[in-house]
Structure formats: structure tokens, C-alpha cells
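>>> Quick one, structure for this:
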Amino acid sequence: MYFRLAVNPVENFRVKDVLSLPYFKHVNRFAKPYLYKSNYVNVLLQERNIDGFAMVHLVYFIKQPVLVVVSEESPRTVVQQVVSGQMELLIKGQKPMVLQPDGYDILQLNTDEYALLLQPGICEVLRFDFEESVMKTVSKTATVKQWLDKLKSGKSAFYSHRPIDEKFRSLQGEMQYCRAFTEEEQEWFNGKLDEVFEMVTEQGVLR
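Here you go, the predicted structure:
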């Protein structure tokens, strides 16, 4: 993920890998934390990538209203939950959407830019990313084919909103507290990512 602030005068994020004490309680075990600092919003980012799968934890500490422009390194299907707080998602060609902690959203994020409108407070987000290469390995059900077609269009899109069930909540809890450093831990972590994918698409990638 790449962030930039839509502000005037121009201000760039300053990236830190050493956190001060107030941020520690927001850090999970599964990946090294980085802090993107600015006068408008600080963003705590943790990300673990394994073979086209990724789990991403984001906490926005918003000091004043701001528009953050985001772009992705490559096309991907994203299962995203706003854990706390709220944000407004702005995708070109679609109506603005307020994302809140009442379920999870499925997004088709491409390399074009989209934006997040943030209001003062704290907003926590958990994402599961599945790159286009992963999507191509599963059988082409109507849902997967539709997602791949959206990714081929080169444009980001909001796909659907779904309620959170106990299985999804349980998977989140397990994965956030796994270190995923040893080979065995990485295999376990990757298997859990596949469970998330299977839960959403009704088919696994690894099995």
C-alpha cells in the first residue's frame, strides 16, 4: 500500500519503525509495525505477505479531517473489516461509502488511486488481501470470474458487504496473535489465510 496526503501545502508521511509507548497497545504479534507520521494523521501499519496472500492491520490516529489517497502495488481482492471507528471510502465512478464496524466488505482494488476521508479519532482496520495470481488458481465460479473481470478492467470497485459470523471472528483472533516467523508458523498462518478465502469464495486455494 502507498499513502499520500491530499493537502495544501504538500506534506509527505514520515515513516518510523520505532514506536513510542502510546502505540504499543495497538500492535499485534503477527508482523513488524511501522508508523507513518504527519500533522494530519498517523498510520500504524502491520503487514505479512506469503505467496500472494496478505494480512494487513491498520490503525489511523486522526488529528484533523483529511483525505488520504491510497494505491496498491498490484491488483487484488480484499476482505476488509473496520474494527472500530469509521471512514468514508471514495472510489472513482462509485458513490461514497461509509465503512463501519457492522460487517466486512469485499473490494476489488486495482493500481488506480482511491481515497479515504477521515475524521478526528481512531479508526482500526483489518484486511485480508488476495493477489490476482491467487485468484487465478481457483476454479472459475461465477463469483470468482466476476471478480477477475473487475480486476482486468484496471479500476477499483466495491463488491459487497457481509455480516461477520463466529468463524470469521475466530480466524481474526487466532491470526493476529500468531508470530508466523518459523516455517511451521508460516504454514499455519498461510492455511488460516486460505480458510478466510474459502469462507468468502466457498473454495480453498491450498486444498
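
>>> name the helices or strands packed onto the worst-scoring helix or strand of the chain on mean pLDDT?
One helix or strand of the chain scores below all others by mean pLDDT, DSSP states H and E: helix 142-152, with a mean of 75. Packed against helix 142-152 by the contact rule (3 or more CB pairs under 8 Å, 6 or more residues apart in numbering; DSSP states H and E) you find strand 76-84, strand 104-109, helix 132-135, strand 157-162. All C-beta atoms are positioned from the backbone trio N, CA, C, and that covers glycine.

>>> got the buried residues for the last one?
Judged by neighbour count using 16 or more other CB atoms under 10 Å, the buried positions of strand 157-162 are 157-159.

>>> Now do it against helix 142-152, angle only.
150 degrees (axes from the mean of the first three to the mean of the last three CA atoms, to 10 degrees).

>>> Okay, now the sheet partners of strand 157-162, with direction.
strand 104-109 (antiparallel) (DSSP bridges).

>>> what angle separates the strand it pairs with from strand 76-84?
Strand 104-109 and strand 76-84 meet at an angle of 140 degrees, taking the same axes, to 10 degrees as the criterion.

>>> Identify all contacting residues around the helix or strand that strand 104-109 is followed by.
Proceeding N to C from strand 104-109, the next assigned helix or strand is strand 114-118, under DSSP states H and E. Residues from elsewhere that reach strand 114-118, judged by CB atoms under 8 Å, 6 or more residues apart in numbering: 6, 41, 60, 62, 65-71, 87-92, 96, 156.

>>> cool, and stretch 18-32?
17, 33, 35, 44, 46-48, 55, 57, 59, 124, 175-180, 189.

>>> Just the ones of these in strands?
Under the assignment DSSP state E, those contribute 33, 35, 44, 46-48, 55, 57, 59, 124 to strands.

>>> Most neighbours out of those, which is it?
Ranked by neighbour count (other CB atoms under 10 Å), those have residue 55 at the top, with 25 neighbours.

>>> contacting residues around the closest residue to that residue other than its chain neighbours?
In this structure, residue 55 finds its nearest non-sequential neighbour in residue 48, 5.4 Å apart by CB to CB, 6 or more residues apart in numbering. Counting by CB under 8 Å, 6+ apart, residue 48 makes contact with 30-31, 54-55, 180, 189.

>>> Those into TSV, with extra columns for distance to residue 200 and pLDDT?
As requested, these are exported to TSV (distance: CB to CB, whole Å; pLDDT from 0 to 100):
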residue	distance to residue 200	pLDDT
30	20	84
31	21	88
54	14	88
55	14	90
180	21	65
189	17	82
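
>>> Out of the residues you listed, which is nearest to residue 163?
If you rank those by distance to residue 163 using CB to CB, residue 55 comes first, at 20.6 Å.
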